[in-house]
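In: next input, structure requested:
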Amino acid sequence: MGKRFARKVGLLGMVVGLLMATVTASAAASPSLEAMVGQMLMIGFRGTTFEAKSPLGEAITEGNLGGVVLYGRDVALNKPMRNIRSAAQLQALTADLQDHARIPLFIAVDEEGGQVSRLAPRFGFPETVTAATWGRRNDPAWTRRGARAIGQRLRNLGCTINLAPVVDLNTNPDNPAIGKLERSFGANPDTVTRQAAAFIHGLHDAGILACIKHFPGHGSAYNDSHLGLTDISTTWSPKELEPYKRLVDRGLADAVMTAHVFHAGLDPKVPATLSAEIIPDILRREIGYEGVVISDDLQMGAIRQSFSLRQTVRRCLEADVDIFLFGNNLEYEPFVWRRVQRIVRDLVDQNIVSRSRIERSYERIQRLKERMDLFQGRS
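Out: Residues are numbered from 1 along each chain as shown. Below is the predicted model:
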């Protein structure tokens, strides 16, 4: 698995250079619109093995899919197994995925530690502690060692990016999505930043990219955006931006994941993920973040209960989101990638969205994949 993947990612730097050169060339010499949109998609799938003649196989080979996300449990089917059965099985799966991709995939997993751990003991993996445990001890060296162990495990399994750490402030311990699951390092921005930085360094030590989440802050909420609208208008505080500012300033934000939270004072119309004000104005301009923005799962209740897929795609583009995540775990739509490509094609053909907007996200994604290539080249 390692040699096959190394050969593929070893070519990525050259591929990225060639792709970047095409940006200033004519549209005819550039990647097709559909190929660029494919790189903007990260999707979940069912199965513990890869089949070339499957919806996922078509997404990778025909749709130029940019990434996949792995889950331990199938929520929609209420089954205890989805993509992970054992270490050997997962190594084979990720190797097959990469072997069929034109451009190396982001293979993502939520491996935060504690209750949010896809590599669970029932699959033969060791137990991990929660972010709250790391935060209470507040020993960056210990956190870094723990995150390095997680990163090494992910690296050995063929994963490339961890959708962690959570940098939400635990301002509401009763928050069902954050506080009650001990996903936050704490309520103090200094502690959260210190611990998150140590966690990211640990992942980097192992050659794994990190994704901080959930922007602009989910810690004060009283409900779960998986289930429906999550309004933080009266509970959110600007101090929840501090970890993002500090981690971005230190160059530790490989990627940033958005939150499907609604704040009437920041944008009175839509949740943060879809906001042309919150992400461009606060994250991009005020904080100065220029990297990849990943949406939280766009099939969560806070989005799909109020917006059609076309509305979601258009608003994500207007919000400067780079990677659209469809977990296919809350509801299952294996060909959603094809629908998104068609929607974007129509938006561009109608001059609602410019081709240059798609190229901007494509470039950011390829730059991050070039960093992934450098990580993999360490060994």
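
In: helices along the stretch 201-350 of the chain, start to end?
Out: Along the stretch 201-350 of the chain, the segments classed as helices by DSSP state H, counting those that start in this stretch run 242-249, 301-304, 309-318, 336-349.

In: closest to I200 out of those helices?
Out: In terms of CB to CB, the element of those nearest to I200 is helix 242-249, at 7.4 Å. Where C-beta positions appear, they are placed from N, C-alpha and C, glycine not excepted.

In: ok so, going back, among the helices of the stretch 201-350 of the chain, show me which one is buried the most.
Out: Ranked by mean neighbour count, the helices of the stretch 201-350 of the chain are led by helix 301-304 with a mean of 22 (mean count of other CB atoms under 10 Å).

In: which residues of the stretch 51-200 of the chain fall in helices?
Out: 55-61, 87-100, 131-137, 140-157, 189-205.

In: the last one to helix 242-249, inter-axis angle?
Out: Counting by axes from the mean of the first three to the mean of the last three CA atoms, to 10 degrees, helix 189-205 points 40 degrees away from the direction of helix 242-249.

In: next, the buried residues of helix 189-205.
Out: 189, 191-205 (16 or more other CB atoms under 10 Å).

In: pick the most deeply packed of the helices of the stretch 51-200 of the chain.
Out: Mean neighbours per residue, mean count of other CB under 10 Å, is largest over the helices of the stretch 51-200 of the chain for helix 189-205, with a mean of 23.

In: ok and that one relative to helix 140-157, angle-wise?
Out: Using the same axes, to 10 degrees: helix 189-205 against helix 140-157 is 40 degrees.

In: quick one: contacts of helix 189-205?
Out: The contact list for helix 189-205 (CB atoms under 8 Å, 6 or more residues apart in numbering) reads 131, 134-135, 138, 140-141, 143-151, 154, 162, 164-165, 167-169, 184-186, 209-210, 212, 239-240, 242-243, 246-247, 250, 252, 254, 375.

In: which residues touch I282?
Out: Contacts for I282 (CB under 8 Å, 6+ apart) come out as P216, L241, L266.

In: JSON lines for the residues you listed, including pLDDT?
Out: Output for the contacts of I282, formatted as JSON lines (pLDDT from 0 to 100):
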{"residue": "P216", "pLDDT": "97"}
{"residue": "L241", "pLDDT": "98"}
{"residue": "L266", "pLDDT": "97"}
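
In: wait, which of the residues you listed is closest to M36?
Out: Distance to M36, by CB to CB, is smallest for P216 among the contacts of I282, at 27.3 Å.

In: tell me how far the closest one lies from M257.
Out: For P216, the distance to M257 equals 11 Å [CB to CB, to the nearest Å].

In: A196 now?
Out: The spacing between A196 and M257, counted by CB to CB, is 13 Å.

In: identify the contacts common to the two.
Out: What both A196 and M257 touch, as defined by CB under 8 Å, 6+ apart, is the set I212.

In: and R314, which of the helices of the stretch 51-200 of the chain is closest to it?
Out: Nearest of the helices of the stretch 51-200 of the chain to R314, taken as CB to CB: helix 55-61 at 21.3 Å.

In: list of residues touching the closest one?
Out: Contacts of helix 55-61 (CB under 8 Å, 6+ apart): 38, 41, 43, 45, 47, 50-52, 65, 68, 97, 100-102, 105, 334-335, 337-338.

In: now find how far off-centre it is within its chain.
Out: Here helix 55-61 shows a centroid-to-chain-centroid distance of 19 Å under the convention CA atoms, centre = their mean, to the nearest Å.
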